[in-house]
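Asker: Next input, structure requested:
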Amino acid sequence: MIYSNLPHTDIEVSKICLGTMTWGNQNTEAEGHEQMDYAFDQGVNFFDTAELYPIPPHPDRKSVTEKIIGNWFKKTGNRDNVILASKIAGKAEFSKFIRTSGFSKESIVTAVDGSLERLRTDYIDLYQLHWPERNTNYFGQRGYNHNTPDHWEDNIHQVLETLRDLVREGKIRHVGISNETPWGTMRFLEESKVHASLPRCITIQNPYSLLNRLFEIGMSEIAMREQIGLLAYSPLGFGVLSGKYLGNRLPEGSRLALFPNYSRYSSKMSIAATQKYYELARAHDLSLAQMALAFINSRPFVTGNIIGATSMKQLQENISSIDVTLSDDVLTGIEEIYNQIPNPAP
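Answerer: Here you go, the predicted structure:
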């Protein structure tokens with residue numbers, strides 16, 4: 001395993017971060033525990049979850065994933081050996097069963113306390129805002145429409161004050177953002193620069209894959225100059241970059257078979273790009289999944305590559321991508337395909 005520090009800290013995390021959003025829906029608790037056992041034995045010490053999980057969110061499965069992780073901590077005693085990240089859900093139609101009050105002080109405190117109870121711990125290493133309160137382009141929206149009313153008033157200072165108080169209480173150690181834009185990222189960073197008592201956001205969890213490299217356009221310079229590390233989610237594009245959907249296949253039990261509305265990475269152009277990446281990987285005796293993940297692992301602005309799997313075979317292949325080094329020929333081939341079909345998935 002390869003390790004690096006969370007930016008601005010001495011906390012050492014594995015480059016491969018274990019994603020958990022299928023546990024409690026596509027995966028049972030026993031399967032989630034098996035995945036944690038295996039990942040931990042392979043040197044993965046960084047787990048990411050959220051109060052919204054499992055996905056798709058549903059009132060009948062509210063926050064089940066955190067409970068599964070908490071039960072594993074109790075069973076194994078491994079809490080202090082794991083760097084744990086979780087998130088507060090933002091306002092949205094699909095999350096209103098959790099709360100409707102956004103990132104008010106009461107909401108954040110309630111969310112943190114709930115996560116701590118479910119996770120059977122008294123601290124969270126990295127606490128993240130799952131998506132912005134304001135209307136902006138996230139979750140597959142390519143462009144920003146400023147004419148969409150959201151009635152949002154800039155409360156970033158107040159949000160950071162609440163998070164600061166929770167840090168002082170020892171309930172969280174560090175803070176991060178997720179699904180953020182360059183504007184939002186800089187607002188958070190500048191607020192903590194101007195007001196030294198406020199916590200600095202040290203990570204941003206955004207989509208990043210061979211099908212969506214939009215992070216490179218506006219965010220990678222911020223990540224490098226400001227040292228805010230990317231936690232790349234959907235590095236395989238909902239499994240599309242495993243190649244399992246090529247040839248019009250729809251494997252039984254796969255995410256797209258179960259949840260056809262999760263089509264963010266399966267447009268005609270995304271499939272065309274995936275076919276080209278598949279052929280490149282085959283030409284160099286690589287699996288498509290490992291090539292796609294190894295590319296993410298190699299990016300200098302990536303702090304953690306958040307993998308997710310529903311089977312142990314997938315998990316083993318994903319984690320072993322850390323041992324794959326892409327040749328100059330492969331990297332050149334990736335860029336050639338990217339120039340032909342850039343960012344087909346928003």
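Asker: any chance you could map the strands in the chain?
Answerer: Counting by DSSP state E, the chain has these strands, from start to end: 3-5, 12-14, 16-19, 46-48, 83-88, 124-129, 172-178, 201-207, 229-233, 302-307.
Asker: Need the residues that contact the fourth one.
Answerer: Around strand 46-48, the neighbours that count as contacts under C-beta atoms under 8 Å, 6 or more residues apart in numbering are 13-14, 16-20, 36, 39, 69, 82-86, 205, 231, 304, 306. Every C-beta, even on glycine, is put in place using the N, C-alpha and C of the backbone.
Asker: avg pLDDT for it?
Answerer: Averaging pLDDT along strand 46-48 gives 98.
Asker: next one: stretch 334-345
Answerer: For stretch 334-345, mean pLDDT rounds to 97.
Asker: same check, this time on stretch 272-285
Answerer: 97.
Asker: before we move on, what about stretch 85-99?
Answerer: Here the average pLDDT along stretch 85-99 is 93.
Asker: My read is that residue 95 contacts residue 87, right?
Answerer: No: with contact defined as C-beta atoms under 8 Å, residue 95 and residue 87 do not form a contacting pair (11.0 Å).
Asker: Which one's more surrounded, the two?
Answerer: Neighbour count, other C-beta atoms under 10 Å: between residue 95 and residue 87, residue 87 has more, with 25 against 17.
Asker: in the sheet, who's paired with that one?
Answerer: Taking DSSP bridges, one obtains residue 128 as the residues bridged to residue 87.
Asker: Would you mind confirming that it makes contact with residue 112?
Answerer: No: taking contacts as C-beta under 8 Å, residue 87 lies outside contact range of residue 112: 10.5 Å.
Asker: tell me, what's touching these two both at once?
Answerer: residue 127.
Asker: so where's the protein uncertain?
Answerer: Applying pLDDT under 70 to the chain flags no residue at all.
Asker: try it again with 80
Answerer: 147-150 (pLDDT under 80).
Asker: What's the separation between the most far-flung residue of it relative to its centre and residue 252?
Answerer: Among the C-alpha atoms of the chain, the one most distant from their mean position (C-alpha atoms, centre = their mean) is that of residue 283, at 30.0 Å. Note on residue 283: its distance to residue 252, by C-beta to C-beta, to the nearest Å, is 30 Å.
Asker: on that earlier part again, tell me which of the strands of the chain lies nearest to residue 137.
Answerer: Closest approach to residue 137 among these (C-beta to C-beta): strand 201-207, 11.5 Å.
Asker: which residues in the stretch 1-150 of the chain form helices?
Answerer: 29-41, 64-76, 105-119 (DSSP state H, counting those that start in this stretch).
Asker: Deepest in the core, which of those helices is it.
Answerer: helix 64-76 (a mean of 20; mean count of other C-beta atoms under 10 Å).
Asker: how far off helix 29-41 does that helix point, in degrees?
Answerer: If you take axes from the mean of the first three to the mean of the last three C-alpha atoms, to 10 degrees, helix 64-76 sits at 60 degrees to helix 29-41.
Asker: got a list of contacts for helix 64-76?
Answerer: Contacts of helix 64-76 with the rest of the structure, by C-beta under 8 Å, 6+ apart, involve 20-21, 23-25, 29, 32-33, 36-37, 40, 47, 49-51, 53-54, 78-79, 82, 84, 86, 115, 118-121.
Asker: One more: stretch 212-222?
Answerer: Stretch 212-222 is contacted from outside by 142, 181-182, 185-186, 189, 204, 206-208, 223, 228, 230, 232, 234, 237, 265, 301, 338, 342-343, 345-346, using C-beta under 8 Å, 6+ apart.
Asker: Any of those residues buried? List them.
Answerer: Among the contacts of stretch 212-222, those classed as buried by 16 or more other C-beta atoms under 10 Å are 181, 185, 189, 204, 206-208, 223, 228, 230, 232, 234, 237, 265, 301, 338, 343, 345-346.
Asker: So which of those belong to helices?
Answerer: Those of the buried ones among the contacts of stretch 212-222 mapping onto helices are 185, 189, 223, 338, per DSSP state H.
Asker: Return the member of those residues nearest to residue 1.
Answerer: Distance to residue 1 across those (C-beta to C-beta) is lowest for residue 223, with 22.1 Å.
Asker: Next up, the contacts around the nearest residue to the closest one once chain neighbours are set aside.
Answerer: Spatial nearest neighbour of residue 223, excluding adjacent residues (C-beta to C-beta, 6 or more residues apart in numbering): residue 301 at 4.0 Å. For residue 301, the contacting residues are 215, 220, 223-224, 229-230, by C-beta under 8 Å, 6+ apart.
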